[in-house]
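J.: dropping a prediction and its sequence here:
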Amino acid sequence: MSNDIEVKTNENEEAQFKVKGQKKGGFATYRALVHGDQSMGKVILGECLTLFFGGIPGALGLLLRAKLYPLMFPHIGRKVIFGRNLTLRHTHKIHLGDNVVIDDNAVIDAKGVNNRGIEIGDGVYIGRNTIVYCKGGNIKLRDRANLSSNCQVFSSNDLTIGAGCMIGAYSYLLSGGEYDHKSEVPFADQDGMETKGPCVLGDNCWLGARVTVLDGVTIGENSVLAAGAVVTKSFPAKSIVGGVPAKEIG
C-alpha cells in the first residue's frame, strides 16, 4: 500500500473521528455538518427560518420563503422559489441565479472545507426529492438546466451540467466517489474521494429516466442519452447513446 493511500486514510479517520462527535460535542458536530464555517448568528438564523417557515404549505409558504430564505445565501437572484421541507446545507457556498425553482423535499448541500460549493444559474429547475450535494467538490448547474424528480448529483471533484440540459427522473451523475478496490483498507474506512477527473455534461443534452453518468465522463453538447443508460466513458457532441455500458446507437 502506497504512502499516499496511507495519508489519505489517516486524514479520513480523523475526519470521521470528528464527525462522529468523539472530539466535538453534539451541537458542534451538527454545526460543522449542516452550517460549516458560518457565524453563530447565521447558524441561528438558518435554524429559525427552516423551523418556522420550511414546512408552511401553499401560497403563503412560498411567499414567506421567497422573502426570508435569501437571508441565508451570499448571492441570490430575483424571483427564486423555495418549495417545502428543503434541506439546505452550507448555504454560504450556494449561489443562486434569477428565476430558480427548488421543488419540495430537495437537498442542496455544498459541504466541504476548501471547495467553492454550488453555483446554480438563471432559470434552473431542481425537481422534487432531487439531491445536489458536495463532499469537498464543486457543482455548477448552468442556465436553464432542468433536473427532474428524484435525481442525484454528487461531486468530490468538479461537476458541470450545461445550459438547457434536460435530466430525466431518477438519473445519477457523479464526479469522484471512487474507492480503491486494490487497497487493503476496507471500503468503509476509505474516504471515497478517489476520482478520474471532472464530470461534464455539455449544453443542450437530454438524459432519459434513470441514466447514470460516472466519474470522469464528458458528454459533448446536443447529445441524447437513452433511458437506463450507464455511461462509463466520454462521448463527443451530437452523440446518441444507450445501453449498459452505454455505446453509440445513432
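T.: Cool, got the structure. Residues are numbered from 1 along each chain as shown.
J.: going by C-alpha atoms from here, please, whenever you check contacts or count neighbours.
T.: Fine.
J.: for this structure, what helix or strand is lowest in average pLDDT?
T.: helix 3-19 (a mean of 39; mean pLDDT, DSSP states H and E).
J.: quick check: next helix or strand after that helix?
T.: helix 26-34 (DSSP states H and E).
J.: now for that next one, which elements pack on it?
T.: When contacts are defined as 3 or more CA pairs under 8 Å, 6 or more residues apart in numbering; DSSP states H and E, helix 26-34 sits against helix 3-19, strand 87-89.
J.: for that helix, list the C-alpha coordinates in PDB.
T.: Taking C-alpha atoms only, helix 26-34 is exported to PDB below (Å, rounded to 0.1, in the frame of the first residue of the first chain):
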ATOM      1  CA  GLY A  26     -23.200  17.000  19.600                       C
ATOM      2  CA  PHE A  27     -24.100  20.600  18.600                       C
ATOM      3  CA  ALA A  28     -20.600  21.400  17.300                       C
ATOM      4  CA  THR A  29     -20.700  18.300  15.200                       C
ATOM      5  CA  TYR A  30     -24.200  19.200  13.800                       C
ATOM      6  CA  ARG A  31     -23.000  22.800  13.100                       C
ATOM      7  CA  ALA A  32     -20.000  21.600  11.200                       C
ATOM      8  CA  LEU A  33     -22.100  19.200   9.100                       C
ATOM      9  CA  VAL A  34     -25.000  21.500   8.300                       C
END
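J.: contacting residues around the next helix or strand after it?
T.: Using DSSP H and E, the helix or strand that follows helix 26-34 towards the C-terminus is helix 40-53. Outside of helix 40-53, the residues within contact range by CA atoms under 8 Å, 6 or more residues apart in numbering are 31, 35, 61, 64-65, 68-69, 72.
J.: go again using 10 Å as the cut-off
T.: With contacts defined as CA atoms under 10 Å, 6 or more residues apart in numbering, helix 40-53 is touched by 31, 34-37, 39, 54, 60-62, 64-65, 68-69, 71-73, 84-92.
J.: are any of the residues you listed buried, and which?
T.: 31, 34-37, 54, 61-62, 65, 69, 71-73, 84-86, 88-92 (16 or more other CA atoms under 10 Å).
J.: contacts only, for residue 91.
T.: 34-36, 38, 42, 46, 70-75, 108-111, 117-118.
J.: residues near residue 43, how many?
T.: 17 (other CA atoms under 10 Å).
J.: now it: how far from residue 34?
T.: Residue 43 is 9 Å from residue 34, where distance means CA to CA, to the nearest Å.
J.: so what sits against both of the two?
T.: With CA under 10 Å, 6+ apart, residue 43 and residue 34 have common neighbours residue 90.
J.: so where's this protein shaky on pLDDT?
T.: Within the chain, the stretches with pLDDT under 70 are 1-24.
J.: try 50
T.: 1-22 (pLDDT under 50).
J.: residues in contact with residue 39?
T.: Here residue 39 is in contact with residue 45 (criterion: CA under 10 Å, 6+ apart).
J.: that should have said residue 210, apologies.
T.: Here residue 210 is in contact with 150-151, 167-172, 226-230 (CA under 10 Å, 6+ apart).
J.: what do you get for residue 72?
T.: Going by CA under 10 Å, 6+ apart, the list of residues near residue 72 reads 42-43, 45-47, 49, 88, 90-92, 94.
J.: and which of those residues is nearest to residue 135?
T.: The nearest member of the contacts of residue 72 to residue 135, counting by CA to CA, is residue 90 at 11.4 Å.
J.: just give the nearest non-adjacent residue to the closest one, would you?
T.: residue 35 (4.7 Å; CA to CA, 6 or more residues apart in numbering).
J.: no further queries at this time; thank you.
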